[in-house]
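Novice: Here you go, sequence then predicted model.
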Protein chains: 2
Amino acid sequence: MEPKDTKQRILDAAEHLFAVNGYRGTSLRAITAAAKANLAAVNYHFGSKQALIEAVIERRSVPLNRLRLQRLEEVQTAARRQGVPPTARQVLTAFVEPSLAFRTSGPGARDFITLIGRALAEPDDTVRNIFVGHIRPVVELLDICLAEALPELPARVLIWRLHFLLGSLSHIMNNMDKLQAPPIGLPLVAGPKEMVDLLLPFLTAGMEAPA
Amino acid sequence: MEPKDTKQRILDAAEHLFAVNGYRGTSLRAITAAAKANLAAVNYHFGSKQALIEAVIERRSVPLNRLRLQRLEEVQTAARRQGVPPTARQVLTAFVEPSLAFRTSGPGARDFITLIGRALAEPDDTVRNIFVGHIRPVVELLDICLAEALPELPARVLIWRLHFLLGSLSHIMNNMDKLQAPPIGLPLVAGPKEMVDLLLPFLTAGMEAPA
DNA sequence: GTCTATAGATTGATAGAC
DNA sequence: GTCTATCAATCTATAGAC
């Protein structure tokens, strides 16, 4: 195995440390030390700390969101071919499944999921806006698909429920490893497949509830 | 109106700035400047930055969680008096309503809600653990009440759904002001009363869904 | 491309006068 | 209790040798 070049090692180390300690809580020194690179290498390869996290987010956001868009479009076209609206369950599966499965798609993907799970709540608008910019088209298509699946639901109610959904998903992605079961504090673990089975009935029922 | 003493002004300023910029993103200098106090006053009155945020969180967490516990106990005893289990809707209302209503309970409460909404996702374990320590007994009672309301639901499924619920609520509390409606980006606003009416059908249906 | 060295700014915390 | 002044540590970013 060829040793990865410096740029890759910095990306990997930054992904991990940003996930663990947050954007502000991670110094360029910590990143370059973990990457066994020189402090100046960050600015040589990326230009600034902000440009570095943009690169970290972009590296995995682009393929992940492409996958989510693709799954949603498949549900949409399959339904149109049959002349019926898609079911809420189909739409939600298309969105939730890639999100959770991505976690085990390779080394570092897990850190990335923690990172973007946290990004929604980042105080720093820098990080938040980068993330939101990438996911916006996916959320817009999700909104359209759910409106087709639930035509009787007022648009305003649908949008709020969409945010409830995003909150649940974001929280789970962010905390999948640290959750504990009351009252004894047993660690609470579930694989991506099982998590889909837990999330979908909850979200589907919530979405389909009468307004 | 008497001018508030320095300690109070520092608490108020810290609450606001921590809510807007996060714990790490807020310097003691920014806090004392906003509070029109001297930089050294923070360490004189509180001892350290960490002790300051502990005081900020405790000031409102204690009464809020006392209210939530009280509401849950009321539901519990009312149901026992009638010899029937409470409904999921009653239990969820007892938990969600004070959370959202607290927001408009006075000046600063709104900042505090943003602050604790964010605390669940704070990278800094300091902040996270302070918050979790305060809310833990409430979540444990909520778990017990929901188990009574939904006796057929496996305990493991219930706990996960509880976390889905906490994710939704936390995300809404954190973002109530900044959410936008696709595709035009209209600001999306709802008062606490309306938000309860939006959240409860979603959460109740999700909780009651068959496993 | 990689390194050392350092500039330039900001931070939490404290000493000590009043 | 409040203030000025400052320490010691940390940070991002850059200049310049190799």
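Specialist: Sure, I can see it. Residues are numbered from 1 along each chain as shown, chains lettered A, B, ... in the order given.
Novice: Please make it C-alpha for all contacts and neighbour counts, starting now.
Specialist: OK.
Novice: Run the contact check for the helix ranked longest in chain A versus DNA strand C.
Specialist: Longest helix in chain A, counting residues (DSSP state H): helix A:49-82. No - applying C-alpha under 7 Å from any atom of the strand, one finds helix A:49-82 separated from DNA strand C by no less than 13.1 Å.
Novice: which of the residues in the helix or strand just after that helix are buried?
Specialist: Using DSSP states H and E, the next helix or strand after helix A:49-82 towards the C-terminus is helix A:88-101. Judged by neighbour count using 16 or more other C-alpha atoms under 10 Å in any protein chain shown, the buried positions of helix A:88-101 are A:88-101.
Novice: Dump those to CSV, plus pLDDT and distance to B:Val20.
Specialist: Compiled in CSV, these are given as follows (pLDDT from 0 to 100; distance: C-alpha to C-alpha, whole Å):
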residue, pLDDT, distance to B:Val20
A:Ala88, 98, 36
A:Arg89, 98, 37
A:Gln90, 98, 38
A:Val91, 98, 35
A:Leu92, 98, 32
A:Thr93, 98, 35
A:Ala94, 98, 34
A:Phe95, 98, 31
A:Val96, 97, 30
A:Glu97, 96, 33
A:Pro98, 94, 32
A:Ser99, 92, 29
A:Leu100, 91, 30
A:Ala101, 90, 33
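Novice: Output these in CSV; the columns should cover distance to A:Val20.
Specialist: Formatted as CSV, the buried residues of helix A:88-101 follow (distance: C-alpha to C-alpha, whole Å):
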residue, distance to A:Val20
A:Ala88, 34
A:Arg89, 33
A:Gln90, 33
A:Val91, 32
A:Leu92, 29
A:Thr93, 28
A:Ala94, 28
A:Phe95, 25
A:Val96, 23
A:Glu97, 24
A:Pro98, 22
A:Ser99, 19
A:Leu100, 19
A:Ala101, 20
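Novice: Those residues also near DNA strand C: which ones?
Specialist: Okay, of those, nothing touches DNA strand C (C-alpha under 7 Å from any atom of the strand).
Novice: Need the max-distance pair from these.
Specialist: Greatest spacing in the buried residues of helix A:88-101, by C-alpha to C-alpha: A:Ala88 and A:Ala101 (19.6 Å).
Novice: So which residues of chain A form helices?
Specialist: Applying DSSP H to chain A gives helices spanning A:6-21, A:28-34, A:39-45, A:49-82, A:88-101, A:109-119, A:125-149, A:155-175, A:192-208.
Novice: comparing those helices, which gets the lowest mean pLDDT score?
Specialist: Among the helices of chain A, helix A:109-119 has the lowest mean pLDDT, at a mean of 81.
Novice: which helices and strands does that one pack with?
Specialist: helix A:6-21, helix A:49-82, helix A:125-149, helix A:155-175 (3 or more C-alpha pairs under 8 Å, 6 or more residues apart in numbering or on different chains; DSSP states H and E).
Novice: for the longest one, packing partners?
Specialist: This means helix A:49-82. Helix A:49-82 packs on helix A:6-21, helix A:39-45, helix A:88-101, helix A:109-119, helix A:125-149, going by 3+ C-alpha pairs under 8 Å, 6+ apart.
Novice: Pipe those helices into TSV and attach distance to B:Phe202 per row.
Specialist: As requested, the helices and strands packed on helix A:49-82 are exported to TSV (distance: least, C-alpha to C-alpha, whole Å):
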stretch	distance to B:Phe202
helix A:6-21	30
helix A:39-45	46
helix A:88-101	14
helix A:109-119	22
helix A:125-149	15
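Novice: Most tightly packed of those?
Specialist: helix A:109-119 (a mean of 24; mean count of other C-alpha atoms under 10 Å in any protein chain shown).
Novice: Could you dump the helices and strands packed on helix A:109-119 into TSV and include distance to B:Arg59?
Specialist: Shown next, in TSV, are those (distance: least, C-alpha to C-alpha, whole Å):
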stretch	distance to B:Arg59
helix A:6-21	27
helix A:49-82	35
helix A:125-149	27
helix A:155-175	25
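Novice: right, and these - which one's nearest A:Ala109?
Specialist: helix A:49-82 (7.7 Å).
Novice: what about that closest one, near DNA strand D?
Specialist: Yes - judged by C-alpha under 7 Å from any atom of the strand, helix A:49-82 comes into contact with DNA strand D through A:49-50.
Novice: Next, the contact list for whichever residue of chain A sits closest to DNA strand C, please.
Specialist: Here chain A gets closest to DNA strand C at one residue, A:Asn38, 3.9 Å apart by C-alpha to the nearest atom of the strand. By C-alpha atoms under 8 Å, 6 or more residues apart in numbering or on different chains, the contact list for A:Asn38 reads A:Thr32.
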